[in-house]
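A.B. asks: Sequence and predicted structure are below.
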Number of protein chains: 2
Amino acid sequence: MAKLTKRSDNYSQWYNELVVKADLAENSEVRGCMVIKPYGYAIWEKMQAALDKMFKDTGHSNAYFPLFVPKSLFEAEEQNAEGFAKECAVVTHYRLKNDPDKKGKLMVDPAAKLEEELIVRPTSEAIIWKTYKGWIQSYRDLPILINQWANVVRWEMRTRLFLRTAEFLWQEGHTAHATKGEAIAETEQMLKVYANFAEEFMALPVLQGIKTPSERFAGAIETYCIEALMQDGKALQAGTSHFLGQNFAKAFDVKFANSEGGLDYVWATSWGVSTRLIGALIMAHSDDLGLVLPPKLAPIHVVIVPIYKGLDQLDEISVVANSIKTELQNAGLTVKFDNRDTHKPGFKFADYEMKGVPVRIAIGPKDMENSCVEVARRDTLEKTTIAQDLVVDYIINLIDEIQENIYNRAQTFKVNNTYNVDTYDDFKKRLESTGGFISAHWDGTPETEELIKQETKATIRCIPLENEQEAGMCIRSGKPSTQRVVFAKSY
Amino acid sequence: MAKLTKRSDNYSQWYNELVVKADLAENSEVRGCMVIKPYGYAIWEKMQAALDKMFKDTGHSNAYFPLFVPKSLFEAEEQNAEGFAKECAVVTHYRLKNDPDKKGKLMVDPAAKLEEELIVRPTSEAIIWKTYKGWIQSYRDLPILINQWANVVRWEMRTRLFLRTAEFLWQEGHTAHATKGEAIAETEQMLKVYANFAEEFMALPVLQGIKTPSERFAGAIETYCIEALMQDGKALQAGTSHFLGQNFAKAFDVKFANSEGGLDYVWATSWGVSTRLIGALIMAHSDDLGLVLPPKLAPIHVVIVPIYKGLDQLDEISVVANSIKTELQNAGLTVKFDNRDTHKPGFKFADYEMKGVPVRIAIGPKDMENSCVEVARRDTLEKTTIAQDLVVDYIINLIDEIQENIYNRAQTFKVNNTYNVDTYDDFKKRLESTGGFISAHWDGTPETEELIKQETKATIRCIPLENEQEAGMCIRSGKPSTQRVVFAKSY
């Protein structure tokens, strides 16, 4: 297997190669759409399971709404419609017919034109709020706490596997509340859920904050986000939670009888994370040998590779390997014993390194003589020799240690790459040298924000939650500012 | 809550009302597409979990392929394309723009017409086999055993919730094999998986068989199916498993180097079940009071309803209720204690009957005096008084008993409604009176099959597996026949 491009040589190429070589995903025949391969999808299944449990533990249920949104519903909330109109896949016909000019070929049947075009959902607020209108009469019907696991389509022009694809998989929560306060509390709660998921499962410390108006979700009053820092110093928006106010309730006329007998518009939130998280996971932890996966999201925790000559040796090793495998499985770990005779141990080592399997056990004739095995951890690449009768306990501990170490490494990276700057010059130098999260004063105007973006390609990733108030001067305009915001170049 | 139409009065209306009143699903604003509500979706999640485990236990992995199929790929396998061409949603444009004639409205941007139209997948053989071509070079790359959980769209003209919708959720397995024998074994294995799932989880005995050529999946060499019998005597196709031969390999030129060094086309299977299973589940077991759910697929196993006057009584009852709830949860059951004071016990009883919760516990002041509770089972509607300290064990057993009883009832129904007939007259009388699975001789020609369908609306549901060979005369043509096949009217 050809080696990966080094991160230091070309980070972007390293990522593209890694996604393919680690068997996570590939481009499909459909422009901008990816095929998520079994190994990549297994990571998504782990993410889904953890998030789904967190959603249910906070009182949410799953449901399913249509893939299509009739154009008249789509355009009802104008800001939202305007935000997504330029990237919509549109269904206009519902039938094909034989092409009279080309035998064996099909053509769109012009007689089967839809009366009203259907938009393939880029997000589901419109169809969901149209549905909620039928479900909500009184405060007794509230709150509605629903999540949907689904595919969505946004016709992106420049796509990259996992990071930006025309079709992607995600979850979208859509909740309805009787009061503004309750809706804001929900928005903030789900941001915490995302931050906890990123930190606990992805081993990825994130910055929590609020988007500036120009970076808000189309149709939101306030967009909360978690931002993660990649190894190349660029930020990646990893999840968003939106307080939608009464915008959708007004667009779809969803009112409820409150407990005092009056009629109010319902308050809304929506929140989502997507297969983009797999891109974040890859870029945050991996190295020049391949993927590094936190054990909590690794499809395989431990791989056992036998090193042998002849079937007799393999048989002996297999007894030990299978016993270790069974014991580790009983402890809840996923273990693969790779006894294929079609590949050499060296190939297998490189392949499981590429795939980011957290722990590798190698067992050869010398190990058998000494009743030990060799244990290699993927995060540090350290190898240790361990007695066979101690290895199960050792690995059970090691798995936790690897999860923690990967988190700590990412946390250190984040801290080391977060900078306060006070002049535009320093700001630009910092962006050009290391990148990172750059905390700086901004005058609060969209004009200055746009200027900085034009001149440096950096955007305001967020106004951190619980931000310290501090008098200062905007790095670009020199106007007074009351707080720093966090800038970065981003994915 | 208004009562359901009785099954005996109008079975079809009973079904439609039940789906809505039990809060399972509703029609959406999009023609033919449904909204699956949280309670209905929770049943689907239970089905998914059980099936997913069975797929993985038989060596399959999940992956994800694009929603869209470019027209040129779609038409590559001609039979398949022809079979689905008339019900395809087609994406022709990728952008909307402001409508210059209508302020605030959008229109399809004619400048954003796709060079090649995209079909919203009605099934994924085409896009998947185009992908497999890149994955398969040698016999070492085989078998490929992949499943996908996804939404698909078939533009049906007459739709019914769960049974036939334009968009539905399903799983589709797509496997690739080096030999014909292996592919047929896979096809048959997955049919068994579906039959086992139906019987073990859905408590639904099914008939396993092979479709006649005219009922085959478009593009298949052989379609295996499971057929279930509904209470109105109509059959419902509950799952299909297709042996695709080398049709797709030839259409997409997928060859592999076999172990002898030659080049062969790859052998294929595909198999799927969908949210239609929820329709089957409803129609097989439910009664005039509402849903009857087998415990293995019930979102809630046990509901506890307190009967009280005043908060003091509720407090006392709550202590007992919560203790029972905890113990049942520890035994792995899902339990709801419905202490809402906004609804009367009578309302709650009717509501949980409508929703098919397998076991209801009621606790009132008299029960408290006697240290007992009232246990009602949904399947038989029987009520029993049980001592509080015995109720947990009682219910743990009862849950299994209910699962078994529902299965046995369905099995008895199936046996009692399977008929051998030998004349066309008896055939028609049987169809008009009870319906059911009607086993009769057929001459094996599509012409006779079509005539019978035209004249009676009955179709050949399948040629049962391990069918006894028996000389006879076709009920319609009088020509000789070597075996009976199973006819029914169907959903």
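C.D. replies: Structure received.

A.B. asks: For the stretch 101-250 of chain A, which residue gets nearest to chain B?
C.D. replies: Closest contact between the stretch 101-250 of chain A and chain B, by CB to the nearest CB, is at residue A:155 (4.3 Å). For the C-beta atoms, the positions are set from N, CA and C on the backbone; glycine is no exception.

A.B. asks: just checking, that residue touches residue A:32?
C.D. replies: Yes. If you go by CB atoms under 8 Å, residue A:155 and residue A:32 touch, sitting 7.3 Å apart.

A.B. asks: and for those two, which residues touch both?
C.D. replies: Counting by CB atoms under 8 Å, 6 or more residues apart in numbering or on different chains, the shared contacts of residue A:155 and residue A:32 are residue A:166.

A.B. asks: coming back round to it: tell me how many other residues surround the residue of the stretch 101-250 of chain A closest to chain B.
C.D. replies: 23 (other CB atoms under 10 Å in any protein chain shown).

A.B. asks: Check residue A:38 too.
C.D. replies: Residue A:38 is flanked by 19 other residues according to other CB under 10 Å.

A.B. asks: ok, it to chain B distance?
C.D. replies: Per CB to the nearest CB, to the nearest Å, residue A:38 is found 4 Å from chain B.

A.B. asks: Tell me who's in contact with that residue.
C.D. replies: A:23, B:61, B:62, B:63, B:146.

A.B. asks: tally of neighbours for the residue of the stretch 251-400 of chain A found nearest chain B?
C.D. replies: Closest residue of the stretch 251-400 of chain A to chain B, CB to the nearest CB: residue A:342 (6.5 Å). Neighbourhood size, residue A:342 [other CB under 10 Å]: 6.

A.B. asks: Domain map for chain A?
C.D. replies: Chain A breaks down into these domains under automatic domain parsing: A:11-285, A:300-401, A:418-488.

A.B. asks: Please flag which of the contacts of residue A:38 sit within strands.
C.D. replies: Per DSSP state E, strands hold the following members of the contacts of residue A:38: B:61, B:62, B:146.

A.B. asks: show me which of the residues you listed neighbour chain A.
C.D. replies: Among these, the ones lying close to chain A by the criterion of CB under 8 Å from any CB of the partner chain are B:61, B:62, B:146.

A.B. asks: Let me know the closest of these to chain A.
C.D. replies: Distances from chain A to these, taken by CB to the nearest CB, are shortest for residue B:61, at 3.7 Å.

A.B. asks: Quick one, grab the pLDDT at the closest residue to the closest one other than its chain neighbours.
C.D. replies: Excluding the flanking residues, the one nearest residue B:61 by CB to CB, 6 or more residues apart in numbering or on different chains is residue A:38, at 3.7 Å. With respect to pLDDT, residue A:38 has a value of 98.

A.B. asks: quick one: the helices in chain A?
C.D. replies: Counting by DSSP state H, chain A has helices at residues A:11-21, A:38-57, A:71-74, A:78-84, A:125-135, A:180-200, A:247-251, A:276-285, A:310-330, A:345-355, A:365-369, A:391-416, A:424-433, A:446-456.

A.B. asks: what mean pLDDT would you report for the first one?
C.D. replies: What that stands for is helix A:11-21. For helix A:11-21, mean pLDDT rounds to 97.

A.B. asks: Tell me the helices and strands packed up against it.
C.D. replies: On a contact count with 3 or more CB pairs under 8 Å, 6 or more residues apart in numbering or on different chains; DSSP states H and E, helix A:11-21 meets strand A:25-27, helix A:276-285.

A.B. asks: Can you list the neighbours in contact with the shortest one?
C.D. replies: If I follow you right, that is strand A:25-27. Residues contacting strand A:25-27 (CB under 8 Å, 6+ apart): A:19-20, A:33-37, A:40, A:161-162, A:278, B:131, B:134.

A.B. asks: Kindly recompute the last result at 6 Å.
C.D. replies: Residues outside strand A:25-27 that contact it (CB atoms under 6 Å, 6 or more residues apart in numbering or on different chains): A:19, A:20, A:34, A:35, A:36, A:37, A:40, A:161.

A.B. asks: closest to residue B:13 among these?
C.D. replies: residue A:36 (42.6 Å; CB to CB).

A.B. asks: Which residue, other than its chain neighbours, is closest to that closest one?
C.D. replies: Closest residue to residue A:36 apart from its sequence neighbours, by CB to CB, 6+ apart: residue B:64 at 4.1 Å.

A.B. asks: ok, the one you found - contacts?
C.D. replies: Neighbours of residue B:64 in contact, by CB under 6 Å, 6+ apart: A:36, A:41, B:148.

A.B. asks: still on that earlier bit, can you flag the buried ones in the ones next to chain A among the ones in strands among the contacts of residue A:38?
C.D. replies: Among those, those classed as buried by 16 or more other CB atoms under 10 Å in any protein chain shown are B:61, B:62, B:146.

A.B. asks: Provide the partner residues of the first one in its beta bridges.
C.D. replies: Just to be clear, that refers to residue B:61. In this entry, residue B:61 is beta-bridged to residue B:146, by DSSP bridges.

A.B. asks: near chain B, which residues of chain A show up?
C.D. replies: A:28-30, A:33, A:35-38, A:41, A:61-68, A:75, A:78, A:85-86, A:88-96, A:104-106, A:108, A:117, A:130-131, A:151, A:155, A:167 (CB under 6 Å from any CB of the partner chain).

A.B. asks: Check the gap between residue A:21 and residue B:135 for me.
C.D. replies: 14 Å (CB to CB, to the nearest Å).

A.B. asks: ugh, typo on my part, it should be residue A:384
C.D. replies: Counting by CB to CB, the gap from residue A:384 to residue B:135 is 37 Å.

A.B. asks: and what of residue A:153?
C.D. replies: 25 Å.

A.B. asks: neighbour count winner among the two?
C.D. replies: The neighbour comparison of residue A:153 against residue B:135 (other CB under 10 Å) goes to residue A:153, with 26 against 15.

A.B. asks: Do I have it right that the more buried one meets residue A:121?
C.D. replies: No. At 7.1 Å, residue A:153 does not count as touching residue A:121 under the criterion of CB atoms under 6 Å.

A.B. asks: Give me the distance between the spatially most central residue of chain A and residue B:12.
C.D. replies: Nearest to the mean C-alpha position of chain A, by CA atoms, centre = their mean, lies residue A:277 at 1.5 Å. From residue A:277 across to residue B:12, the span is 45 Å (CB to CB).

A.B. asks: can you tell me which residues contact residue A:329?
C.D. replies: residue A:335.

A.B. asks: Columns mean pLDDT on top of the helices and strands packed on helix A:11-21, output as a markdown table?
C.D. replies: As requested, these are exported to a markdown table (pLDDT from 0 to 100):
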| stretch | mean pLDDT |
| --- | --- |
| strand A:25-27 | 98 |
| helix A:276-285 | 98 |
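
A.B. asks: Can you lay out those as JSON lines showing distance to residue B:190?
C.D. replies: Conversion of those to JSON lines gives the following (distance: least, CB to CB, whole Å):
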{"stretch": "strand A:25-27", "distance to residue B:190": "26"}
{"stretch": "helix A:276-285", "distance to residue B:190": "29"}
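
A.B. asks: where along the stretch 151-300 of chain A do the strands fall?
C.D. replies: Using DSSP state E, counting those that start in this stretch, the strands of the stretch 151-300 of chain A run over residues A:167-177, A:207-210, A:222-229, A:235-245, A:255-257, A:263-265, A:267-274.
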